[in-house]
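1. Prediction below, plus the sequence it came from.
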Amino acid sequence: MRQQAARVTEMTRKKRLSREEREALILEYLPKVRYVAGRLAMKLPSHVEMEDLISCGITGLIDAVDRFDPAKNVKFSTYAEFRIRGAMLDYLREMDWFPRSIRQRANALQQIYADLEAHLGRPPEEEEVARELGITVEELRKELSLISGISLFSLDDLDENDESTFSNRKHLAAYLQEKRNDEEFLRDMKELLAKAIEELPENEKLLISLYYYEEMTMREIGAILGLTESRICQIHNQAILRLRGKIKKALA
């Protein structure tokens with residue numbers, strides 16, 4: 001394994017790869033494409049084909065091999081995964097797989113969670129959110145199930161026709177686009193997210209840790225916590241809504 005890693009490192013240090021080296025590097029990272037596609041597919045509706053994600057990911061991988069600059073002191077594996085995931089997300093964005101009505105519903109729920117937390121001084125319980133919405137807890141959980149796959153933060157959520165989204169939305173969208181490769185900005189965003197996660201209820205904090213850091217599946221997490229996979233998905237979506245609200249507040 002170490003020899004394999006050393007060989008990849010040596011290849012990516014070169015400013016120009018031979019045809020054979022280029023093909024070898026692409027083959028080396030094809031499993032990474034399938035891995036990233038699998039992680040994304042778990043959050044997507046069933047009509048999104050994993051093979052389509054893999055196809056887009058391969059395009060991203062080839063782009064990474066061709067554009068990688070070793071002078072930037074970034075590991076090729078990190079850069080490759082960024083390009084692979086980006087190609088898949090571009091494909092999903094073009095598909096518009098997440099309906100506008102669902103995005104609006106998610107934004108409305110997000111606002112309710114944020115308003116209640118500001119009023120109560122703590123994260124609201126499901127019963128409190130359901131009461132505020134005038135629905136049952138079971139109906140709230142169904143709403144949470146509907147928004148599976150919504151991202152933590154996306155420029156697509158900056159809806160210029162929605163006055164409640166962000167103040168000065170167009171300028172913020174341009175700023176975020178400009179700062180995507182800014183290390184200081186990314187570090188600040190990581191710190192903001194870490195603080196937001198720390199403020200989550202304990203069960204949601206644990207779920208986020210197991211899913212995003214330990215890279216466990218929803219089913220595996222459910223087995224650990226003694227809950228069904230669908231219930232874990234609901235709790236995950238609730239945590240994402242809370243985090244989105246905190247990030248929105250910090251950036252407004």
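-> Nice, I can see it. Numbering: from 1, shown residues only.

2. Now do the helices in the stretch 151-252 of the chain.
-> 169-179, 183-198, 202-208, 218-225, 229-251 (DSSP state H, counting those that start in this stretch).

3. and the ones you listed as JSON lines, adding mean neighbour count and distance to residue 86?
-> For the C-beta atoms, the positions are set from N, CA and C on the backbone; glycine is no exception. Below are the helices of the stretch 151-252 of the chain laid out as JSON lines (neighbours: other Cβ atoms under 10 Å; distance: least, Cβ to Cβ, whole Å):
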{"stretch": "helix 169-179", "mean neighbour count": "13", "distance to residue 86": "13"}
{"stretch": "helix 183-198", "mean neighbour count": "12", "distance to residue 86": "14"}
{"stretch": "helix 202-208", "mean neighbour count": "16", "distance to residue 86": "22"}
{"stretch": "helix 218-225", "mean neighbour count": "16", "distance to residue 86": "24"}
{"stretch": "helix 229-251", "mean neighbour count": "20", "distance to residue 86": "20"}
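
4. Go through these and name the closest to residue 29.
-> Minimum separation from residue 29 across the helices of the stretch 151-252 of the chain (Cβ to Cβ) falls at helix 183-198, 22.8 Å.

5. any chance you could map the helices in the stretch 1-150 of the chain?
-> So, for the stretch 1-150 of the chain - with DSSP H, counting those that start in this stretch - the helices run 2-12, 19-41, 50-67, 76-95, 100-120, 126-133, 137-146.

6. possible to save the ones you listed as CSV with mean neighbour count?
-> As requested, the helices of the stretch 1-150 of the chain are exported to CSV (neighbours: other Cβ atoms under 10 Å):
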stretch, mean neighbour count
helix 2-12, 13
helix 19-41, 16
helix 50-67, 18
helix 76-95, 18
helix 100-120, 16
helix 126-133, 16
helix 137-146, 16
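
7. circling back: ok, of the helices of the stretch 151-252 of the chain, where does mean pLDDT dip lowest?
-> The minimum mean pLDDT among the helices of the stretch 151-252 of the chain belongs to helix 169-179 (a mean of 49).
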